[in-house]
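Q: task: produce atomic coordinates for the following.
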Amino acid sequence: MGRPEPGKHLPPTLRPHDGVYPLVVILGPTASGKSDLALSTAGRFGGEVINFDAVQVYRGFEIGTAKTPPEQRRGIPHHLIDSAGPAEIFTAGDYARRARAVVAEVRSRGRLPVMAGGTGFYLRAALEGLFSGPQRDENLRRRLSARAEQKPAGHLHRVLARLDPVSAARIHRNDTPKIIRAIEVRLRARSPMSALWEQGRAPLEGFAVIRVGLNPARELLRERIAARSARMFSGGLLEEVRQLLDRGVPREARAFGSLGYRQALEHMQGLLTLEQAMEETARLTRRYAKRQMTWFRREPGVNWFSGFGDDPTIVEQVLELLEEKLTPYRGA
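A: Below you'll find the model as predicted:
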């Protein structure tokens, strides 16, 4: 008989109160210590961690995504990590469906669902729902991708600005996948994606969402990002990329376009020196962290903490807050 999966047979610790069940969300910029805080939270309150990082869902992409290794997860169940093949197309809709199913499973065990990650769009999809847009049109997507490569930088964003200025204002000019999806929706649905967003979304029901945000000092975060970028390259990122390529993962795989992996590929192609690849990764990660904070500041009801998720003082402050918030849901 095999060992039981961690968390499956533990006694329930929580119950609904006034018809709702608690759901903790830990958000913040990259390198702010969200995974560490999620572990501390789940360990204290009998929780299970649910990832909402868009690249950590892919198997084989380990070092560049800063996944918590299994041996460091303290026996706490982790969900939606390594849940998609390395070359699979995994969308926000896929994430929302799976995340809601996992949250319901965790609730059925009387455990605390602890969502942690940095992809705000995935979080919003899970909590607020997605509009009922048209299905993917792979031919159209290939044509748009080709135009993005052939035309000057920002071309597709300018096209979107003409077709759907509201969506264009919300999507960063360098976020090609989202730009392509917005153009696809506009052409196939004959309605702006921004308008469809206001129709037919089904928010997650039956949960009281407790949002915890990490907002460390900018200069300290900058130092951490630089250290993490250097550590990725010195810790085997290039070898990981070679192994993925040797296993047949195409260079066009979505995860290869993420920070660190893209620069590793460019270094291997002779386009960047190793030092340039590390510097470019750190620079673009700082920019990404800034965009994350812009997004998360629009999240409602966030309890913000000015520090990192592995700082004992911050951890204790967060746990104290959650102790109070979770008291009504404690089992007898």
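Q: who's in contact with Phe207?
A: By C-beta atoms under 8 Å, 6 or more residues apart in numbering, Phe207 lies in contact with Val20, Tyr21, Pro22, Leu23, Val103, Arg107. Yep, even glycine has a C-beta here, placed from its N, CA and C like the rest.
Q: and it, what pLDDT?
A: In the predicted model, Phe207 carries a pLDDT score of 98.
Q: just the buried members of the contacts of Phe207?
A: When burial is judged by neighbour count using 16 or more other C-beta atoms under 10 Å, the buried members of these are Tyr21, Pro22, Leu23, Val103, Arg107.
Q: what's the mean pLDDT across the host helix or strand of the first one?
A: It refers to Tyr21. Assessed by DSSP states H and E, Tyr21 sits inside strand 21-27. When pLDDT is averaged along strand 21-27, the result is 98.
Q: phi and psi next, for Ser191.
A: Torsion angles at Ser191 (phi, psi; degrees, to the nearest 10) stand at phi -150, psi 140.
Q: report how many residues lie close to it.
A: The criterion is other C-beta atoms under 10 Å. On that basis, Ser191 has 15 neighbouring residues.
Q: quick check: chain neighbours aside, which residue is closest to it?
A: Leaving aside its sequence neighbours, Ser191 sits nearest to Val185 (C-beta to C-beta, 6 or more residues apart in numbering; 7.7 Å).
Q: can you tell me how far that neighbour sits from Arg170?
A: Counting by C-beta to C-beta, to the nearest Å, the gap between Val185 and Arg170 amounts to 13 Å.
Q: looking at the two, which has the bigger crowd around it?
A: The residue with more neighbours, out of Val185 and Arg170, is Val185; 24 against 15, by other C-beta under 10 Å.
Q: residues touching the more buried one, list them.
A: Gly133, Pro134, Ser191, Pro192, Met193, Leu196.
Q: Val25 contacts Met115, correct?
A: Yes. With contacts counted by C-beta atoms under 8 Å, Val25 reaches Met115, the gap being 4.7 Å.
Q: shared neighbours, those two?
A: A shared contact of Val25 and Met115, defined by C-beta under 8 Å, 6+ apart, is any residue touching both; here these are Leu123.
Q: higher neighbour count, the two?
A: Just comparing Val25 and Met115: by other C-beta under 10 Å the higher neighbour count belongs to Met115, 26 against 23.
Q: what helix or strand is that one on?
A: Secondary-structure element containing Met115, defined by DSSP H and E: strand 112-116.
Q: any chance of the contacts of Phe207 in TSV, plus distance to Val159?
A: Supplementary listing: those in TSV, determined by distance: C-beta to C-beta, whole Å:
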residue	distance to Val159
Val20	43
Tyr21	44
Pro22	44
Leu23	38
Val103	37
Arg107	43
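Q: on that earlier part again, could the buried ones among the contacts of Phe207 go into a markdown table alongside distance to Glu149?
A: Below are the buried ones among the contacts of Phe207 laid out as a markdown table (distance: C-beta to C-beta, whole Å):
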| residue | distance to Glu149 |
| --- | --- |
| Tyr21 | 47 |
| Pro22 | 46 |
| Leu23 | 41 |
| Val103 | 38 |
| Arg107 | 45 |
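Q: tilt between the helix or strand containing Ala42 and strand 21-27?
A: Using DSSP H and E, Ala42 sits within helix 34-45. Angle between the axes of helix 34-45 and strand 21-27 is 150 degrees (criterion: axes from the mean of the first three to the mean of the last three C-alpha atoms, to 10 degrees).
Q: which parts of helix 34-45 are buried?
A: Going by neighbour count (16+ other C-beta under 10 Å), the buried part of helix 34-45 is Lys34, Ser35, Asp36, Leu37, Ala38, Leu39, Ser40, Thr41, Ala42, Gly43, Phe45.
Q: where in the chain is pLDDT low?
A: 1-12, 131-133, 197-201, 331-332 (pLDDT under 70).
Q: and the helices in it?
A: For the chain, applying DSSP state H gives helices covering 34-45, 92-108, 120-128, 138-150, 155-163, 165-170, 176-189, 193-196, 218-234, 237-246, 261-268, 274-296, 312-326.
Q: starting at the chain centroid, how far to the longest one?
A: When you say that, I think you mean helix 274-296. 15 Å (C-alpha atoms, centre = their mean, to the nearest Å).
Q: got the contact list for it?
A: For helix 274-296, the surrounding residues in contact (C-beta under 8 Å, 6+ apart) are 27-31, 118, 120-121, 172, 213, 215, 221-222, 225-226, 228-230, 232-233, 259-260, 263-264, 266-267, 272, 302.
Q: quick check: domain ranges of this protein?
A: 21-130+201-329, 138-196 (automatic domain parsing).
Q: endpoints of the longest one, how far apart?
A: Using C-alpha to C-alpha, to the nearest Å, the end-to-end distance of domain 21-130+201-329 comes out at 7 Å.
Q: list the contacts for the residue nearest the centre of the chain?
A: The central residue of the chain, meaning the one whose C-alpha is nearest the mean C-alpha position (C-alpha atoms, centre = their mean), is Asp53 at 2.0 Å. Asp53 is in contact with Thr65, Gly117, Gly118, Thr119, Tyr122, counting by C-beta under 8 Å, 6+ apart.
Q: many thanks, have a good one.
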